[in-house]
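A.B. asks: Task: produce atomic coordinates for the following.
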Amino acid sequence: MRLGFVGLGAMGELIVPRLMAAGHDVTGWNRSREKATPLIAQGMRWADTPRDVAQKSEIVFSIVTDAKAVHAVALGPDGVVSGIGKGCVFIDMSTIEPDESRAIAAEFAKAGAIMLDGPLSGSPVTVKAGQASIMIGGDEKAYERVKPVLLAIGPKVMRIGGNGLACQMKIAVNLLLMVEVICFGEAVALAEKGGVARDVALDAVLKSVAASPVLGYRGPFILEGKMPDVPLADVTLQQKDMLLALNLGRALGSPVPLAAAANEMMNACRGMGIDANDFVVAHQVYRRLGGQT
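C.D. replies: Take a look at the predicted model:
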């Protein structure tokens with residue numbers, strides 16, 4: 001199929017090659033063309049605006065930082081909506097507020113097109129391994145049309161419900177992920193404080209019933225010299241999603257006390273000046289608060 005991709009950052013630059021490897025013709029756009037150079041070398045076509053991408057595509061994907069960025073690339077003067085064809089599908093994979101996603105979807109409906117929210121659950125590690133999962137919110141018939149394309153990105157694809165509900169589910173999943181990783185740091189710091197060597201504590205956790213995929217690839221980051229130079233998700237990026245969970249909990253009247261506690265650990269990371277690291281660095285906060293060097 002003729003596909004478009006808007007936003008070629010840490011995730012987009014990994015998704016596009018998977019789509020091309022599946023035989024699709026991909027046209028892309030990014031705010032800075034330099035970011036797209038390796039993808040162009042691999043065969044991706046370049047477009048000067050999101051509108052141009054949409055004019056050349058049957059399905060257009062986007063994955064950008066936040067709702068403001070989605071509005072800009074989707075509804076701006078040269079946005080996707082101004083170039084998308086009748087009956088074509090726009091899939092936004094960004095993690096944004098459900099109501100924001102629904103409002104954007106309404107504008108696409110006015111233009112005779114279809115928008116699905118399709119946030120991706122996984123890190124660059126899982127995308128590279130072909131194990132990312134995709135949740136879809138929106139029209140069921142449109143979902144069935146695009147599902148074969150989505151399976152080129154990852155094997156776990158499911159429709160959550162109507163527009164905005166995939167965004168809501170992604171926020172809930174990210175809440176669980178963040179609390180789990182931060183609690184992992186708390187547990188290891190506690191074991192260390194009592195005399196267990198850090199590498200032994202890590203190995204014990206990863207061999208226990210508490211082990212999970214996210215701890216499997218993130219846990220080793222806490223070992224000396226293992227923190228990645230380019231974080232999978234730094235403190236600021238991850239805290240953005242935590243704030244989405246807190247705001248959603250407030251809006252729905254659903255208690256999220258563990259999210260609030262985890263968010264305070266993100267604040268502590270920032271206060272200690274270690275926020276440029278992957279957010280598993282919260283382990284260092286626990287150590288310092290416990291008097292460990």
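
A.B. asks: what sits against E144?
C.D. replies: For E144, no residue meets the contact criterion (CB atoms under 8 Å, 6 or more residues apart in numbering). Placement of C-beta: from N, CA and C, glycine included.

A.B. asks: Tell me where the chain has helices.
C.D. replies: Taking DSSP state H as the test, the helices found in the chain are 12-21, 37-41, 50-55, 67-75, 98-110, 124-128, 140-150, 165-193, 198-206, 213-218, 235-252, 257-271, 282-289.

A.B. asks: List the buried residues for stretch 68-83?
C.D. replies: By neighbour count on 16 or more other CB atoms under 10 Å, the buried set for stretch 68-83 is 69-71, 73-75, 78-83.

A.B. asks: got it, and stretch 24-40?
C.D. replies: 24-30, 35-36, 39.

A.B. asks: Residues in contact with stretch 200-212: which ones?
C.D. replies: So stretch 200-212 is contacted by 180, 184, 187-188, 191-192, 196, 215-216, 219-220, 222-223 (CB under 8 Å, 6+ apart).

A.B. asks: Please repeat the previous calculation with a cut-off of 7 Å.
C.D. replies: By CB atoms under 7 Å, 6 or more residues apart in numbering, the surrounding residues in contact with stretch 200-212 are 180, 184, 187-188, 191-192, 215-216, 219-220, 222-223.

A.B. asks: Likewise for stretch 70-85?
C.D. replies: Residues contacting stretch 70-85 (CB under 7 Å, 6+ apart): 6-7, 49-55, 60, 62, 64, 90, 92, 94, 96, 104, 107-108, 111, 113.

A.B. asks: rewinding a little: ok, so of the buried residues of stretch 68-83, who is nearest R45?
C.D. replies: Comparing the buried residues of stretch 68-83 against R45 with CB to CB picks out G83 as the nearest, at 14.5 Å.

A.B. asks: Any of the contacts of stretch 200-212 buried? List them.
C.D. replies: Among those, the ones that count as buried by 16+ other CB under 10 Å are 180, 184, 187-188, 191-192, 215, 219, 222.

A.B. asks: and those, which two are the farthest apart?
C.D. replies: Largest separation among the buried ones among the contacts of stretch 200-212 by CB to CB: E180 and E192, giving 18.8 Å.

A.B. asks: Give me the buried positions along stretch 6-20.
C.D. replies: Buried positions in stretch 6-20, judged by neighbour count with 16+ other CB under 10 Å: 6-8, 10-20.

A.B. asks: Just put the residues you listed in a markdown table and tack on pLDDT and distance to P228.
C.D. replies: Listed next are the buried residues of stretch 6-20 as a markdown table, based on pLDDT from 0 to 100; distance: CB to CB, whole Å:
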| residue | pLDDT | distance to P228 |
| --- | --- | --- |
| V6 | 98 | 27 |
| G7 | 97 | 22 |
| L8 | 96 | 20 |
| A10 | 89 | 12 |
| M11 | 93 | 16 |
| G12 | 95 | 19 |
| E13 | 95 | 16 |
| L14 | 95 | 15 |
| I15 | 97 | 20 |
| V16 | 97 | 22 |
| P17 | 96 | 21 |
| R18 | 96 | 22 |
| L19 | 97 | 25 |
| M20 | 97 | 26 |
